[in-house]
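Here is a sequence together with a model predicted from it:
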Amino acid sequence: MALLDILHFPDPRLRLKAVPVVSVDDSVRDIVSDMFETMYDALGIGLAATQVNIQQQIIVIDVSSEKDEPICLINPQIQTLEGSEEMQEGCLSVPGYFENVTRAERVVIEALDETGTKREIAADELLAVCIQHEMDHLEGKLFVDYLSPLKRQRLKKKLEKNPLSKSSSSNDSHSDAS
Ligand code: NI
């Protein structure tokens, strides 16, 4: 087990697209376990492999308050998106920044788990948002891409004044970041 470095916006590597995992083997399970450790350490609720500079379609999530409901999604595919909901989002790659994003309210996906077994997961509320947020990461997309031009301009100014650094991520422990 090892803590992995989380890339921070606007690192261009966050724009790389992840490729599907060919075989869920021990090397993939090692990545999954390091990603869980890194996510829990950073007090996040989700982490995509892209954020730790691994371009494979691997996501870890735990939206439970007790942090005892780990979910691993490998090669996730959207089956259904329904409804629309606005929720405040954060991201471990954009520490200390939170904005409302509109996404589907309910989602059904198919993914492999860490044993390579195909599973269908139906999610709503925070889990649905988190799954969509993390799947975006695998496509090189960030939640700040959804901001209005004005809000993006404000974020840019904020970053120019105070670039994101590792140390700043310790200040947002209260938040849901993924
Ligand atoms: Ni994120």
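That came through fine.

Who are the contact partners of the residue in the chain positioned nearest to the ion?
Of all residues in the chain, the one sitting closest to the ion is C91 (3.1 Å; CB to the ion). (C-beta placed from N, C-alpha, C; glycine too.) Residues near C91 by CB atoms under 8 Å, 6 or more residues apart in numbering: 9, 97, 133, 142-144, 177-178.

Kindly identify which of these also come near the ion.
S178 (CB under 5 Å from the ion).

most surrounded residue in the contacts of C91?
S178 (29 neighbours; other CB atoms under 10 Å).

before we move on, the earlier item: what values do phi and psi take at the residue of the chain closest to the ion?
phi -160, psi 140 (degrees, to the nearest 10).

Can you tell me how far it is from D113?
Distance, C91 to D113, by CB to CB, to the nearest Å: 24 Å.

From what I see, V60 and I74 are in contact.
No - with contact defined as CB atoms under 8 Å, V60 does not reach I74; the gap is 10.0 Å.

hey, what's in contact with both of the two?
V32.

How about stretch 124-131, which residues are buried there?
For stretch 124-131, a neighbour-count test (16 or more other CB atoms under 10 Å) marks 126-131 as buried.

Give me the most central residue, this structure.
E134 (3.4 Å; CA atoms, centre = their mean).

give me every residue that touches that one.
Applying CB under 8 Å, 6+ apart, the residues near E134 are 46-48, 59, 61, 73, 178.

K67 too?
Y40.

Now the longest helix along the chain: average pLDDT?
Scanning the chain for the helix with the most residues, using DSSP state H, yields helix 26-41. Averaging pLDDT along helix 26-41 gives 98.

Can you give the contact residues for the helix or strand of the chain with the lowest mean pLDDT?
One helix or strand of the chain scores below all others by mean pLDDT, DSSP states H and E: helix 149-161, with a mean of 89. Helix 149-161 is touched from outside by 9-10, 97, 99, 144, 147, with contacts defined as CB under 8 Å, 6+ apart.
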